[in-house]
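A.B. asks: I would like the atomic coordinates for the input below:
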Amino acid sequence: MKVLPAFFVVVLLAACGSASGNGSGHSAARPFALGINVSPFGPYEGTGPFMNLIYGSSWQMKNASGGASGDVPEESLDSDGWVKSLPPDKRVSRALAVPFGTGKFVCRYKGSGSLDVSGSAVSEVSKLAGETRFTLANSPSQLRVANLTYSVVAPNYIRGIDCRAAAASPTETFTPEFLSALSGFSTVRFMKWQMGTEGNWPVTWAKRTKPGDADYLKNDGVPVELLIEAANQAHADLWVTMPWNADNQYVRNFATTVKDKLAPGHQVYVEVSNEVWNGGYAVARQAAEEAKAESLPPASGSGMPGSLERYAEKTSQVMAIWSKVFAGQQARLVRVASFQHVAPYFSGLLLKYMDLHESIDAFATAPYFGFEAKDDMSLDQIMAALPGQAAAAVKEGLQQKAIAAKYGLRYLTYEGGQTVLLPKNVLLEQQVERDPRMYDVYRDFISDWRSQIGDQLNLFALSGQIGQYGGWGLVEYLGQPVSGAPKMRAVQDSIRASEVRTRF
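C.D. replies: Residues are numbered from 1 along each chain as shown. Next up is the predicted model:
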């Protein structure tokens, strides 16, 4: 998911020698603090961050008599993303994000027609004009599903659907489980909610997602207003990523919204896209093509330019817009450039290229530790190897910190954590992630990072199920008892032990 072999970036940036200082003062020592990345959200995670259960999936259409489904065409949606028209033989369908536990729920909506709710998680359905009530039952050991279906009645089509616990506040955006899980973290990074950061579609302010729109998985992802709301409610700093294909007006309006709405006393960290060095993302290939099209000079002085050169150029351009918006409030803004943790040589090239270091305040990498385990490895062998892997990540962090210091920059992490991968043995993967020894691995990693490197360690990720692609979450689902989540228990104990949060 996140880790590439160390040699990969060398091949990727073969087109790509270090120092001066930006004099920004942002390299001054900061108290150590832990930050967190939010997780992707979907309908089958067991718990989602949003009170409205429609968020986590997108519209589908299926034959009125049943059968195959497909995406609803773009031309069938109104400006807010609600389905305004469909062929007469089609019905709208959408999966709900079914929480764990049992409870009463209600879907309220505007428009003509009847909203049906069905699925293995659903019972006791009753319908009135403008609302459908039902009971949901779900558990981590036996995942169940629920789906909305309805027919489109034009012109007064169904819209404004809100499905939540019957006893819940009708105005709250986020679940108590989500906000509780964020408690104590100094910074929340929202890259996984900003879908435009990894896509190659145009991103404009006119087409952006707005609060209350029908779908938070399209366009630029979750509305900026909700990112800010979540950070404010968590009493945390905000970390956002600008979509690669966002135009200048989008960047300017986004930055202005953050400046106006982020709570006083909190900072915004901003970076451009995500892992533009990573050839697994379309944005890396696009950046390399743009560098060649612009005939950018190669960072190493030989060969052809690639994603590194274009990333440096674009980051400087985007940060110039943010700097202008935050003129007079520079202390609230932390401009970040990010790169691969295991490639310090290329970090030096990146920061030097086109004087990128003068346009940013901090440099960040992702200290993951782990490996793709061999099929014949035992649980004890894997757990015995992890401390050494974590120590190596800290050692690499020291090299990256020294490079950042040459340019007077803060050194942070944008992600980090263990990455044991067992694609052919999910059962063993579950044993590794749940092993009590994982608590000591995380406590020691956090302690070593704090004592040797400091500043801010942002972990990946808040929650996530364990599967063939690893176990990335500190908890397996929001609301999981910490007693069964050794990584989260280690993090919470580390936060309590330090009793420090990064503030300016």
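A.B. asks: What strands line up against the longest strand seen in the chain, and which way round?
C.D. replies: Ranked by residue count and defined by DSSP state E, the top strand of the chain is strand 101-110. Note on strand 101-110: by DSSP bridges, its sheet partners are strand 131-138 (antiparallel), strand 159-165 (antiparallel).
A.B. asks: any residues touching the last one, and which ones?
C.D. replies: So that's strand 159-165. 51-54, 78, 80, 82, 96, 103-111, 115, 117, 148, 170, 212, 214 (C-beta atoms under 8 Å, 6 or more residues apart in numbering). (C-beta placed from N, C-alpha, C; glycine too.)
A.B. asks: domains in the protein, as residue ranges please.
C.D. replies: 6-44+175-498, 60-165 (automatic domain parsing).
A.B. asks: export those to TSV and tack on mean neighbour count?
C.D. replies: Shown next, in TSV, are the domains of the chain (neighbours: other C-beta atoms under 10 Å):
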stretch	mean neighbour count
domain 6-44+175-498	19
domain 60-165	16
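A.B. asks: Please, which helix or strand holds residue 337?
C.D. replies: Per DSSP states H and E: residue 337 is located in strand 333-338.
A.B. asks: From the chain's centroid, how far away is stretch 163-176?
C.D. replies: 23 Å (C-alpha atoms, centre = their mean, to the nearest Å).
A.B. asks: Same check on stretch 157-176?
C.D. replies: Taking mean C-alpha positions (C-alpha atoms, centre = their mean), stretch 157-176 and its chain are 23 Å apart.
A.B. asks: Please apply the same query to stretch 269-288.
C.D. replies: Worked out by C-alpha atoms, centre = their mean, stretch 269-288 lies 14 Å from the chain centre.
A.B. asks: what's the answer for stretch 121-135, then?
C.D. replies: That offset, for stretch 121-135, works out to 33 Å (C-alpha atoms, centre = their mean).
A.B. asks: what's the span of it, first residue to last?
C.D. replies: 8 Å (C-alpha to C-alpha, to the nearest Å).
A.B. asks: Confirm that residue 356 sits in a helix.
C.D. replies: Yes: judged by DSSP: H, G, I helix; E, B strand; the rest coil, residue 356 forms part of a helix.
A.B. asks: What does the pLDDT read for it?
C.D. replies: For residue 356, the pLDDT comes out at 98.
A.B. asks: the helices in the chain, which residues?
C.D. replies: For the chain, applying DSSP state H gives helices covering 6-12, 176-182, 224-233, 248-261, 282-294, 307-325, 344-352, 379-406, 426-434, 437-452, 486-498.
A.B. asks: Could you give the average pLDDT over the longest strand of the chain?
C.D. replies: pLDDT averaged over strand 101-110 gives 98.
A.B. asks: where are the low-confidence patches of the protein?
C.D. replies: 1-29, 499-504 (pLDDT under 70).
A.B. asks: residues touching the residue sitting nearest the centre point of the chain, list them.
C.D. replies: Residue closest to the average C-alpha location in the chain (C-alpha atoms, centre = their mean): residue 192, at 2.2 Å. Residue 192 makes contacts with 37, 38, 39, 40, 461, as judged by C-beta under 8 Å, 6+ apart.
A.B. asks: where's it relative to residue 41, distance?
C.D. replies: 8 Å (C-beta to C-beta, to the nearest Å).
A.B. asks: ditto for residue 207
C.D. replies: 21 Å.
A.B. asks: Equivalent analysis for residue 140, please.
C.D. replies: 16 Å.
A.B. asks: contacting residues for residue 323?
C.D. replies: 330, 333, 335, 359.
A.B. asks: Can you give the distance of stretch 227-247 from its chain's centre?
C.D. replies: 10 Å.
A.B. asks: send the alpha carbons of that stretch over as CSV?
C.D. replies: Extracted as CSV, the C-alpha positions of stretch 227-247 are listed here (Å, rounded to 0.1, in the frame of the first residue of the first chain):
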residue,chain,number,x,y,z
LEU,A,227,-12.1,18.8,7.4
ILE,A,228,-11.9,22.0,9.4
GLU,A,229,-14.9,21.1,11.5
ALA,A,230,-13.3,17.7,12.4
ALA,A,231,-10.0,19.4,13.4
ASN,A,232,-11.8,22.0,15.4
GLN,A,233,-13.9,19.5,17.3
ALA,A,234,-10.8,17.4,18.0
HIS,A,235,-8.9,20.5,19.2
ALA,A,236,-6.1,19.6,16.7
ASP,A,237,-4.1,21.2,14.0
LEU,A,238,-5.2,20.5,10.4
TRP,A,239,-3.0,18.9,7.7
VAL,A,240,-4.4,19.1,4.2
THR,A,241,-3.1,18.1,0.7
MET,A,242,-3.7,20.1,-2.4
PRO,A,243,-4.9,18.1,-5.4
TRP,A,244,-2.3,18.0,-8.1
ASN,A,245,-4.8,19.1,-10.8
ALA,A,246,-6.4,21.9,-8.7
ASP,A,247,-6.3,25.3,-10.4
